[in-house]
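Colleague: Predicted model, plus sequence, below.
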Amino acid sequence: MMSSSKPVYKDYFGRIGGIPLYKKFIKYWHNVEKFEAKPDDVVIVTYPKSGVKQLKEIASPRIVKTHLPAELLPVSFWEKNCKIIYLSRNAKDLVVSYYFFFLMVTANPDPGSFQDFVEKFMNGEVPYGSWYEHTKSWWEKRKNPQVLFLFYEDMKENIRKEVMKLLEFLGREASDELVDKIIKHTSFEEMKNNPSTNYTTLPDKIMNQKVSPFMRKGVVGDWKNYFTVALNEKFDKHYEEQMKGSTLKFRTEI
């Protein structure tokens, strides 16, 4: 029997500190660990597909984006006391978004059916590991005055309030003009139509947006269109076990 030439799912990933990461990324891990932060760097951290906003308008000299959990963030960022923004998103909407991302990025392994992918997600067998551990690791850091923990759902509900919170955290004056400008540039429609944020300039062989657009829906509660009743019950039970003892609470609809 002939074997398929495409590697199996798990062959795409290695592990650093027990966390699955792309092998190509691991190859350069020594550069990540040795990264030299500058005190005025602003770090934006998300678990993949959590809806990072364009923050060029309020950038200090450098914005560094990463998907790393707190324990793998280069130590230099902590030593230099850099400001860190963590943007979180509820697990159900996130797993739907992550699944479609897997389908459209041609370099990604085949995620299987949606149900298969949800199982992988629940077991932390996806790039950057367990969403539960990732989110909890950053939630624990929120007591650090240099860390701001934000919720995607809050941004969808009241973007002005969250932008003002962000500007205050960064020590920037929240003028109406600046707040309006940021709101305009970070609106989903604006980003969906902007080639610098929607990746439409990339060829199909890298990102096949005929399968799914990179900027897909950006709504809260879309998970209801994909979870069966049985899968939802299983997910809820597992979620409760994973998040037991944590004060972190998400909204799956607004």
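Modeller: Looks like it arrived, so ask away. Numbering: from 1, shown residues only.
Colleague: which intervals of the stretch 1-150 of the chain have sub-threshold pLDDT?
Modeller: Applying pLDDT under 70 to the stretch 1-150 of the chain flags the ranges 1-6, 51, 53-60.
Colleague: in it, which spans are strands?
Modeller: Counting by DSSP state E, counting those that start in this stretch, one finds strands in the stretch 1-150 of the chain at the ranges 13-16, 19-22, 42-46, 63-66, 83-88, 147-151.
Colleague: will you turn the ones you listed into CSV that also has distance to Tyr226 and mean neighbour count?
Modeller: C-betas here are computed from N, CA, C, even on glycine. Formatted as CSV, the strands of the stretch 1-150 of the chain follow (distance: least, C-beta to C-beta, whole Å; neighbours: other C-beta atoms under 10 Å):
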stretch, distance to Tyr226, mean neighbour count
strand 13-16, 24, 15
strand 19-22, 23, 18
strand 42-46, 21, 22
strand 63-66, 27, 15
strand 83-88, 20, 22
strand 147-151, 21, 20
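Colleague: Which of the ones you listed sits closest to Pro109?
Modeller: strand 13-16 (8.5 Å; C-beta to C-beta).
Colleague: helices or strands next to the closest one in the packing?
Modeller: For strand 13-16, the elements it packs on are strand 19-22, helix 23-26, judged by 3 or more C-beta pairs under 8 Å, 6 or more residues apart in numbering; DSSP states H and E.
Colleague: Kindly present the ones you listed as JSON lines, with separate columns for distance to His238.
Modeller: JSON lines is the format used below for those (distance: least, C-beta to C-beta, whole Å):
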{"stretch": "strand 19-22", "distance to His238": "18"}
{"stretch": "helix 23-26", "distance to His238": "27"}
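Colleague: picking that back up, out of the strands of the stretch 1-150 of the chain, flag the one nearest Thr252.
Modeller: Judging the strands of the stretch 1-150 of the chain by C-beta to C-beta, what sits closest to Thr252 is strand 147-151, at 11.6 Å.
Colleague: C-terminal to that closest one, what's the next element?
Modeller: helix 152-157 (DSSP states H and E).
Colleague: packing partners for that following helix?
Modeller: strand 83-88, helix 159-169.
Colleague: Same list (those) but as CSV, adding distance to Lys184.
Modeller: Below are those laid out as CSV (distance: least, C-beta to C-beta, whole Å):
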stretch, distance to Lys184
strand 83-88, 19
helix 159-169, 10
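Colleague: same question for stretch 163-174, mean pLDDT?
Modeller: Stretch 163-174 comes out with an average pLDDT of 89.
Colleague: distance between that stretch and the chain's centre?
Modeller: Chain-centre distance of stretch 163-174: 22 Å, with C-alpha atoms, centre = their mean, to the nearest Å.
Colleague: what does stretch 242-254 give?
Modeller: Chain-centre distance of stretch 242-254: 17 Å, with C-alpha atoms, centre = their mean.
Colleague: hang on, isn't Ala70 packed against Lys141?
Modeller: Yes - the pair Ala70 / Lys141 is scored as a contact, 5.4 Å apart, by C-beta atoms under 8 Å.
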